Every structure is written in C-alpha cells, then in structure tokens.
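Novice: This is a predicted model, with the sequence first.
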Amino acid sequence: MLRKLQVHLRDTFSVPARIMKTMSVPEGSYERSRNQYNSTRILREILKETPPDAIKILGIVDRDLCIPILTFVFGEAQLGGVASIVALARLRQEFYGLSPDDGILFERLCKETLHELGHNFGLIHCNDRECIMYLSNTVRDVDRKGTTYCGSCDSVLYLKTDPWRVQPWNRR
Amino acid sequence: MESKVNILIVDDEEIVRESLASWLGEDGYEVAAAENGARALERLPERDWNLAMVDLKMPGMDGIQLMDEIRKTRPETIVIIMTAYATVDTAVQAMKKGAYDYIVKPFNPEDLSMTIRKIIEHQKLVKENLYLRKELKKQYRLHDMVSKNHKMIEIFDLVKTVAKSNSIVLVQGESGTGKELLSRAIHMESPRKDEPFVSVSCAALTENLLESELFGYEKGAFTGADQARSGKMELAKDGTLFLDEIGDISLKLQMDLLRVIEQREFRRVGGTQLIPITSRIIAATNRDLKKAIEEGKFREDLYYRLNVISIHIPPLRERKEDIPLLVEHFLDRFNIEMGKNVDGVAESAMRLLMEHDWPGNARELRNVIERAMVVTKGRMILDADLSLPRPSGVPGAPDSRGKSLAEMEKEHIRQVLQENRWNIIRSAHILGIDRVTLYNKIRKYELKKEPVLNT
C-alpha cells in the first residue's frame, strides 16, 4: 500500500517521493486514559527525522490519533510547515464494525494524505465540497469528497511546488 | 473579502495550545496563544478577538477570572471555557458569568467546528444588526433634529436637496417646532456651511431698529449714528441670512425687503452706495401668512417672493411618536452638558409626556426635560420631576370653568410675568416658549407691567 501511495503522491505533485525506514511510535505519545496516541507529540518526533534534502515529511501510523481537545483526528499537519501525519485506524472499515476493504482504505488514505500535505503547502480548508481540502470530521465526509484538489487549490499548489517540480515523467 | 476571524487560545499546557492552534489554523482562522491569564490580557489589545478559548484551570488567574477581565475590556469577544474535568457547578458558574459555551476536553471535532461556525455567524449577525440600526438612526437625524415621523423624514430629505440650491426658503411652523434648527441644518448641508449663518429676529425690534439692523447705516444717518455700521445682510456675506418672525415686520419694511430681494442689492441707511447680496435667505414665521395677506397685514407679492420653497414643520402634538425619541436626544445632550448620568424616563412619567399637548412644541419638551434633569435625584426621571400643568379637574387647579383657553393663557402669562418681575427671558423659559413668542403674546393680550407701589 505504501508503494502505491508513493506513486500516487509522485504523480500528483510531480515531485520525487521516497519511502523511509519505519520509525517506532514515540514513547510518551500514548495517552493511557484515552487509549489513543497524541498526534502533536508524534508529529514533533517525525519532524526530527526529516532528511536534509526533503521538503516535506509525512508519517503514516496504524494507530488511533487524538489531540488533547479533540476526541480524535484523522491526521495533523504543520500549516505551511514541513511535517504531517495520517492515522489509518479510523480509515479502516473494521473500525466501524464492517469487513476490511483494502480498496476503500487506500482511497481514504490517498485523500487524507493529499489533504495533510495540502496544509503543509499552505492550503487551508476549502469551501468546495468536492475538493480534497474540504474539512472532514467524519469518515462519511472523507468518502463524500472528491479525490483531487479543486481548481483554485490546485493552482496555489502548482505555484508552491514549482521550485521542486521534476519534468513530467509520470504526470497524467 | 471577508475579514479575518481572530481566535485567542489560553491554556497553560503547551501541547494543547499547539495542537488546537494548528487545528484551527487549518480552517483559516488567525490563531494566537497565551500560556496564562496575564499574558492573555497583554495580548488583548493586539487585535479584535472574535473568540477566546480559555482553559478553566490555570495557575494564577483561572479561566473564570480571565473571562471577567476580558468581558470588561473586550465585551464583544466571545469566551468559551474549556476544561478536562466537568462539574455541573463550574459549568453553571461559567455560563452565569457570561461564557458563550463550556466544553469538556476532549471534544468531538464535528461539534467544535459547528460551535465555532455558529459563533462567527452570530457575530456577523450582531454586527449587521448594529450597522442597520445605525443606518436607521441616521435617517431619523438631521444635524440637531431627530424624528421618525414620516412628514419630518420627508422634510429632512427635502432639506438635503434644497440645501444645494440658492433659492429662498420659507419655513413655517408653530413656536418651538425648530424653525431655526431646520434653517441651520439647511445651511450646514449647503456649500455655504463654512460661511456665516446670521440670524435676525424681526419681531424683537421696532421698525427703525430692524431697518438699521438689517441694512446697517452710514455715519450720521440718524441721531446717535456716530460711526458707520454693517447690517446683518452684509455680515452674512456668502453665508445664510435667517429672517425669523418675518410675519411680524411692518408693511414699509416689507416693501423694502421685497425690493432688496428682487434686485439682490441694498443701501445702508443714509447711504448711497449699492451693496450686492450674496447670501442665501431663509425666512421663518409662526404666523399664517395667507390669513395675514387677507387681513392686509402682509404683502402678497413678498409672500410669493419668499415662498419659493416652502417647508411646514408639523407641531409636536401631531407627531407624538417623536416624543420618546426627542426625550432620548435631550437626555443624551443634557447628560453631557450637566455631567449627569440619567438613564431614562420612568414609564408613568413617559405616559404623562405622551399625554401632554405641547403647545410650546419640542422647545417646551426640552425645557421640561432640562428642568427634570436638574431636580431628579436618581438615574430615572419620575412623574414628580416633571413640571407639567396638572390635568384640569384636579383639585388645586384655579377655577377654570367658564373661561376660554385664551383667557386662561392670558391669565397664566400675566401671573408668570408678575412672579418673575417681568423678566422676559426667565418667564419665557418657565412658559416653555421663546422670548419672541412671549413678546407677541404680551402684545396680543395687551399685558402691561403694573407699577410697583412703594408704600
């Protein structure tokens, strides 16, 4: 699934994507009373691992994430910053008592990854319900929105990724 | 573009500040954070905060104390209290003290998004409402005049239009309706507003005095004219000349005035040089000029010269809906002038004000309110503070049966004059009329100062 995601990101941004070696979930990020992991604490650790040649770093974690004030988050990103994180737990069908479905999981993962990276590139939530930058508070919201950026978010992104864009090898 | 929404987060835990700021930032809000109450108060003047999300338990100043402070300096900022430990007591206390909401960490992201959107929407509506109220109030106001009567609002609109022209305006209306205020408003709305507004009260002066007052005189024009003097017409220059009580001038002066208005030039008394008139003329009267024409007391040709644009101000008894508005207007003004803090008028006192017929119109009302504000001891004007005439039939009223209104008026004026040793200004003030009207009434009723007998 990570390989497929790597290709998807590379195609979307026209920027090379690299898979790093697996990191362990940082100690101290576990919130015993909630049986969840603090996404902001993990994000801080991910940021420390950023390779010197990387412009963005994304963590995928198979845990349920939260921040102190919210019951859960699908992911978190530094707005206009470097690091972001996406949690798989609530993207899985089995979290809602349904049979596992890798197809659905991958589509949700792609959407949330592009959403968080969008924040990293400075995009804020979009009012277009179809746009991937539309705020999703439930998995229903995630499924309802489209798989791409709307025109205006895409143009902002195009300008922001310009310095790093590689000539179109695989861009559709 | 919509203005930015500013949110201030106050929490002693860094991870809370960081994660919440990041989450709200993704929604496009402008977020700042403070680690304690003192720091939050320092940051308050930085921006117009739409929302403050304040942690309940913090070392030093707690969330409720901070909310109190915020409400004092920034009442428009909405405060949400956040806490990890929910107790009914603290929630009730927070809401009682004015928190918009009380949320227990952790919060469902969907609900938090909804709460914040509701707050922003609410604030937008409040702002819009304030703006619309202000706009509405503007319509009721023309310089120092207020009204919500449709006739008056039409007049206000007319004033704005006629102010741009140079035509003569004739303002008619009973004493105290605000003829001079309206004329000043025309002047202030006109391109002449930086030039002088010169007012002449035609009724207060004898024919000869009025002539020299209006046109000025040359040295030696009459006994006592030891040097030349400019008249009001000259003094008005490129401004506005306001001729009050135009209905009271003599037929001779009416003829002079007609000629001057037609030729737009005049001579000083005893002078030969023609002086051009560059000012705009506004005339006012409380008399029925048409009736005066029928009676041969006013020249018809002058009437038509003056009556180019005619404005008739309705008396206060025909627009009683203005009474509360005027009362508020006078309260505001006298609160400032007297350095008082009177909040309003008690309901029963307002009823009395509404029932009164106001023969002296808005001026009488102003005098009644002014007096009430002097004598009132509290923050509200009560029935006893109003010096309104008692309704008839009330014990203590003089025997009024069999007397006409005119007789009653004459008697009342005589009594007030006597009580005040014929001090015209003081008597007029007490009667709630201006001194010109008092002079007119003295003449009408042929009242005379009775000699004081020295025994």
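Specialist: Looks like it came in fine. Values in this document were obtained by computation on a predicted structure and should not be read as measured data. Residues are numbered from 1 along each chain as shown, chains lettered A, B, ... in the order given.
Novice: buried sites along the lowest-mean-pLDDT helix or strand in chain B?
Specialist: Within chain B, confidence by mean pLDDT, DSSP states H and E is lowest for helix B:88-96 among all helices and strands, at a mean of 77. The neighbour-count check on helix B:88-96 (16 or more other C-beta atoms under 10 Å in any protein chain shown) flags B:90-91, B:94 as buried. All C-beta atoms are positioned from the backbone trio N, CA, C, and that covers glycine.
Novice: what's the answer for stretch B:56-71, then?
Specialist: Residues of stretch B:56-71 classed as buried by neighbour count (16+ other C-beta under 10 Å): B:56, B:58, B:61-64, B:66-67, B:70.
Novice: For B:G28, see how far away A:L117 is.
Specialist: A:L117 sits 17 Å away from B:G28, going by C-beta to C-beta, to the nearest Å.
Novice: What are the contacting residues of the one helix or strand B:L253 maps to?
Specialist: For B:L253, the host element (DSSP states H and E) is helix B:251-263. Outside helix B:251-263, the residues within contact range by C-beta atoms under 8 Å, 6 or more residues apart in numbering or on different chains are B:168, B:207, B:210-211, B:214-215, B:233, B:249, B:266, B:277, B:281, B:297-299, B:301-302, B:305-306.
Novice: Among the residues you listed, which ones are in helices?
Specialist: B:207, B:210-211, B:214-215, B:233, B:301-302, B:305-306 (DSSP state H).
Novice: Closest to B:I424 out of those?
Specialist: B:L210 (18.0 Å; C-beta to C-beta).
Novice: show me the contacts for the closest one.
Specialist: Going by C-beta under 8 Å, 6+ apart, B:L210 touches B:200, B:202, B:249, B:253.
Novice: can you rerun that using 10 Å?
Specialist: B:200-204, B:231-232, B:243, B:248-250, B:253, B:256-257 (C-beta atoms under 10 Å, 6 or more residues apart in numbering or on different chains).
Novice: Any figure for the gap between A:L105 and chain B?
Specialist: Remark: distance between A:L105 and chain B (C-beta to the nearest C-beta, to the nearest Å) = 21 Å.
Novice: That residue - how many residues pack around it?
Specialist: With neighbours defined by other C-beta atoms under 10 Å in any protein chain shown, the count for A:L105 comes to 16.
Novice: What residue spans form the domains of chain B?
Specialist: Following automatic domain parsing, chain B resolves into domains at B:6-136, B:144-314, B:317-385, B:405-444.
Novice: Leaving out chain neighbours, which residue sits closest to residue 71?
Specialist: I'll assume chain A. Closest residue to A:T71 apart from its sequence neighbours, by C-beta to C-beta, 6 or more residues apart in numbering or on different chains: B:P106 at 4.5 Å.
Novice: Hmm, no, I was thinking of chain B.
Specialist: The shortest distance from B:R71 to any non-neighbouring residue, by C-beta to C-beta, 6+ apart, is to B:G98 (5.6 Å).
Novice: cool, and A:Y96?
Specialist: Leaving out its chain neighbours, the residue that sits closest to A:Y96 by C-beta to C-beta, 6+ apart is A:V139, at 7.0 Å.
Novice: and what of B:S19?
Specialist: Excluding its sequence neighbours, the residue lying closest to B:S19 (C-beta to C-beta, 6+ apart) is A:I67, at 3.6 Å.
Novice: same deal with B:R280?
Specialist: Excluding the flanking residues, the one nearest B:R280 by C-beta to C-beta, 6+ apart is B:T240, at 4.9 Å.
Novice: Quick check: pLDDT value at the one you found.
Specialist: In this model, B:T240 is scored at 95, pLDDT.
Novice: Pull the number of nearby residues for B:I323.
Specialist: Using other C-beta under 10 Å, B:I323 has 20 neighbouring residues.
Novice: Check which helix or strand it maps to.
Specialist: Assigned by DSSP H and E, B:I323 belongs to helix B:322-338.
Novice: and after that helix, which helix or strand comes next?
Specialist: Next helix or strand after helix B:322-338 toward the C-terminus (DSSP H and E): strand B:344-345.
Novice: For whatever residue of the stretch 51-200 of chain B ends up closest to chain A, give me phi and psi.
Specialist: Relative to chain A, the nearest point of the stretch 51-200 of chain B is B:E110 (3.8 Å; C-beta to the nearest C-beta). In terms of degrees, to the nearest 10, the main-chain angles of B:E110 are phi -60, psi -40.
Novice: Against chain B, how distant is the residue most central in space within chain A?
Specialist: Taking C-alpha atoms, centre = their mean, the centroid of chain A lies closest to A:T113, which sits 2.5 Å from it. For A:T113, the distance to chain B equals 15 Å [C-beta to the nearest C-beta].
Novice: Around the closest residue to that residue other than its chain neighbours, count how many other residues there are.
Specialist: Leaving aside its sequence neighbours, A:T113 sits nearest to A:V86 (C-beta to C-beta, 6+ apart; 5.4 Å). Per other C-beta under 10 Å, the neighbour tally for A:V86 reads 27.
Novice: measure A:V86 to chain B for me?
Specialist: 14 Å.
Novice: Would you agree that residue is in contact with A:L9?
Specialist: No: here A:V86 does not reach A:L9: they are 11.6 Å apart, not a contact under C-beta atoms under 10 Å.
Novice: Was I right to think B:L306 contacts B:I293?
Specialist: No: applying C-beta under 10 Å as the test, B:L306 and B:I293 come out as separate, 11.7 Å apart.
Novice: The two: which is more packed in?
Specialist: Ranked by neighbour count (other C-beta under 10 Å), B:L306 and B:I293 place B:L306 first, with 26 against 16.
Novice: Near chain A, which residues of chain B are found?
Specialist: B:9, B:11, B:13-29, B:31, B:53, B:55, B:82, B:84, B:103-114 (C-beta under 10 Å from any C-beta of the partner chain).
Novice: Go ahead and build a ChimeraX selection from the buried members of the contacts of B:L210.
Specialist: Remark: buried members of the contacts of B:L210, expressed as a ChimeraX selection using 16+ other C-beta under 10 Å:
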select /B:200,201,202,203,204,231,232,243,248,249,253,256,257
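Novice: Make CSV out of the contacts of B:L210 and add pLDDT and distance to B:T223.
Specialist: Rendered in CSV, the data for the contacts of B:L210 read as follows (pLDDT from 0 to 100; distance: C-beta to C-beta, whole Å):
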residue, pLDDT, distance to B:T223
B:V200, 91, 23
B:S201, 89, 24
B:C202, 88, 23
B:A203, 84, 25
B:A204, 77, 22
B:G231, 91, 18
B:K232, 92, 22
B:L243, 94, 27
B:D248, 90, 25
B:I249, 91, 23
B:S250, 90, 21
B:L253, 89, 20
B:D256, 90, 21
B:L257, 90, 24
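Novice: tell me the contacts of the residue lying farthest from the centre of chain A?
Specialist: No residue in chain A sits farther from the centre than A:S33, which is 25.8 Å out by C-alpha atoms, centre = their mean. Contact partners of A:S33, counting by C-beta under 10 Å, 6+ apart, are B:A84.
Novice: So what does it look like in phi/psi?
Specialist: A:S33 has phi and psi values of phi -60, psi -20 when expressed as degrees, to the nearest 10.
Novice: Tell me which residues of stretch B:368-385 come out buried.
Specialist: Of the residues in stretch B:368-385, B:368-369, B:371-373, B:376, B:381, B:383, B:385 count as buried by neighbour count, 16+ other C-beta under 10 Å.
Novice: can you dump the C-alpha coordinates of stretch A:25-34 into CSV?
Specialist: Output of stretch A:25-34 as CSV, limited to C-alpha atoms (Å, rounded to 0.1, in the frame of the first residue of the first chain):
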residue,chain,number,x,y,z
VAL,A,25,5.8,5.1,17.7
PRO,A,26,7.4,7.6,20.1
GLU,A,27,7.2,6.8,23.8
GLY,A,28,5.2,9.4,25.7
SER,A,29,2.7,9.8,22.8
TYR,A,30,0.4,7.2,24.3
GLU,A,31,-2.5,8.6,26.3
ARG,A,32,-3.4,5.8,28.7
SER,A,33,-6.7,7.3,29.8
ARG,A,34,-7.9,7.6,26.2
